[in-house]
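Enquirer: Sequence and predicted structure are below.
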Amino acid sequence: MLRRLGLPLSLMIVAGACAGSPSAPSQADQEAKRFDPPAPSKGALYVYRSGLMGAMRPVDVSLAGGASAQLGYHTFIRLEGPPGQIDIACKVGDNTTNGQVEIQDGQTRFVEVSMKAGLWSPSCEVTEVAPNEGQAAVRSSRRVEPL
């Protein structure tokens, strides 16, 4: 029984990894994983998704200023912009959750969006994480292009 489930389950996980925004070129993926400091007078923000909950369904992410992405399982985006407070929203179905992160000049911050089981439907969560945790998650993920 377990052998029969192994292949369909692995195919479902692969299909879930493909859902969401288009992949960035592999060179851009590798550059982002070097964690270079942002350009002068800018800050950098990584937003990533990990965890198996809802792997088949992308999480819609939008940032104040108009950037957005659909993050599938183990994907991330890197954005640079002026320092300041960044509003981040994630949406799953009809449920939206908002978060904020303050970025200083020259600083890089990491935010995880994750899907959570809800009473009636799934929801999402926006959580800032420590740089070492964010870097580890990004290294095992694939960069996607903002929409």
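Expert: Structure's in. What do you need?

Enquirer: what are the ranges of the strands in this protein?
Expert: Taking DSSP state E as the test, the strands found in the chain are 43-49, 59-63, 68-71, 75-81, 84-92, 95-103, 108-116, 123-129, 142-143.

Enquirer: How far does the third one sit from its chain's centre?
Expert: Put simply, strand 68-71 sits 7 Å off its chain's centre (C-alpha atoms, centre = their mean, to the nearest Å).

Enquirer: Please enumerate residues in contact with it?
Expert: 19-21, 47-49, 58-62, 77, 113, 144-147 (C-beta atoms under 8 Å, 6 or more residues apart in numbering). To be clear about C-beta, it is placed using only N, CA and C from the backbone, and glycine gets the same treatment.

Enquirer: For R142, list each beta-bridge partner.
Expert: T75 (DSSP bridges).

Enquirer: Identify the residues contacting it.
Expert: Per C-beta under 8 Å, 6+ apart, neighbours of R142: 17, 23-24, 29, 74-76.

Enquirer: Highest neighbour count among the residues you listed?
Expert: F76 (28 neighbours; other C-beta atoms under 10 Å).

Enquirer: For P40, see how far away the nearest residue to it once chain neighbours are set aside is.
Expert: Nearest non-adjacent residue to F76, counting by C-beta to C-beta, 6 or more residues apart in numbering: Y48, 3.6 Å away. If you measure Y48 against P40 using C-beta to C-beta, to the nearest Å, the figure is 25 Å.
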